[in-house]
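Visitor: Need a 3D model of the following:
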Amino acid sequence: MKQAKARDVDWRSGKTNFYVQFGGDDVLEVARQAADLFFSENAHGVAAFPSVERLQTDVVAWLLDLVEAGPMADGCLTASGSESILFCLKAARDWSRTRRPDLAIPKVVVPRSAHPAFDKAGGLLGIEVVRTPLRADLRADVEAMRRQICARTILVAGSAPQFGHGVVDPIPEIAALAIETNLWVHVDACVGALFAPFARAAGATIPPFDFSIDGVRSISADIHKYGFGAKGASAALFRHSCWRPSYVFTFDDWPIGSYASSGLAGTRSAAPIAAAWAVMRYLGHDGYVRIARQILEAFGRLRDGLEAIEGIEVVGDPDLPVLAWRSADAPLDAIVSAMTRRGWFVRTMTTPRAVHMGMITLHQAPVVDAYLESLRESVAESRAR
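Guide: Prediction:
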């Protein structure tokens, strides 16, 4: 295993921002110790392990408070953002069926930038997912969404931020459209829910996206991203607990008796739940603000440095530390090859043709200058060919 792992990207050196979100060695150790303490426990077995139920309840309550939910709000922990989105779409589908039981194929309308998890969920739930064009600033075009609304439409959605360009969609405008047309609003805040509130506390200006906006009924939020928990921890959050039957499965026609489970999996590891609880308690509000401030500082230096390189352009105007850049003159493929030879893990995107740097976290902060120097050399090398 160690031999095989030796060929992996060394994420600790800051060579990639994809797939790993790092909040510091101390945070990682807290998560590891907590996960190890609950390594064998099944989160489904709360009768045997009441401590796990308490951990889940605490984490959900903390998340609901973070996204400005009211006293009637509720939610459940899931294993991924994709699963969270699925249950939010399922709740919207179930809600629509109470009003229109004859609706055979519900339809949801999302911006083109929405995560592929919407289409994955649509395929599983029998929902048609329609994607609409973006505005020039890469945010959702609300009027384009309006044109796709029909009698089958049950939900409209936006992202906070969308992962491609780091911008927050105009959620208040999307919510106003939904109120006007009596539709469900879902906000995919898997990236931003556990960063934006602390970034605001650190002085950043972040567009509104949460339950403080009338009309927003559900939010997906990943704990394993900017919450810095162990992988496999996300949440589906709802404005009202009346939709609980949509994400808690119950069954009683079974010889053993009644069965109930939130989420898709029956057996669920308690380890990511324990890690989430421990990291949240360890960092607290002030700890998350401190990390947000450090990430924002690194993000600012990186963005300024990119824009100072002749011919390199930052894509869009990111609201949160998700970054992409493109080349105005030098061939992008040649730059990517040169960066790869210098040891960087580089991922390109298609719209526009650019390099996507992923989410900036603390393992990137110490290597901002090294990345920029490698890029300057790679651009110069590509132009000289």
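Visitor: pLDDT of the helix or strand hosting V187, averaged?
Guide: With elements delineated by DSSP states H and E, V187 resides in strand 184-188, which encompasses its position. On average, the pLDDT along strand 184-188 is 98.
Visitor: residues of whichever helix or strand comes after it that come out buried?
Guide: Scanning forward in sequence from strand 184-188, with DSSP H and E defining helices and strands, the next element found is helix 196-201. Neighbour-count burial for helix 196-201, with 16 or more other CB atoms under 10 Å as criterion, is recorded at A196, P197, F198, A199. Placement of C-beta: from N, CA and C, glycine included.
Visitor: name the helices or strands packed onto the helix or strand containing A31?
Guide: Using DSSP H and E, A31 maps to helix 25-37. Applying 3 or more CB pairs under 8 Å, 6 or more residues apart in numbering; DSSP states H and E, one finds that helix 25-37 contacts helix 271-307.
Visitor: Quick one: work out the angle between the helix it packs on and helix 25-37.
Guide: The directions of helix 271-307 and helix 25-37 differ by 160 degrees, with axes from the mean of the first three to the mean of the last three CA atoms, to 10 degrees as the criterion.
Visitor: now that we're looking at D169, which residues does it contact?
Guide: Contacts of D169 were listed using CB atoms under 8 Å, 6 or more residues apart in numbering, and they are P111, S113, R139, A140, G158, S159, A160, P161, Q162, F209.
Visitor: Just the pLDDT for the first one.
Guide: The predicted local distance difference test score for P111 is 98.
Visitor: Pretty sure it sits against R131.
Guide: Yes: at 6.8 Å, P111 counts as touching R131 under the criterion of CB atoms under 8 Å.
Visitor: Pick out whichever of those two has more residues nearby.
Guide: With other CB atoms under 10 Å as the criterion, P111 and R131 differ in neighbour count, and P111 comes out ahead with 26 against 17.
Visitor: how much space is there between the more buried one and V142?
Guide: Between P111 and V142 the distance, using CB to CB, to the nearest Å, works out to 9 Å.
Visitor: D329 now?
Guide: 35 Å.
Visitor: Also L362?
Guide: When L362 is compared with V142 (using CB to CB), they lie 35 Å apart.
Visitor: which residue ranges form the helices in the stretch 251-385 of the chain?
Guide: When secondary structure is read from DSSP state H, counting those that start in this stretch, the stretch 251-385 of the chain shows helices at 271-307, 332-341, 368-384.
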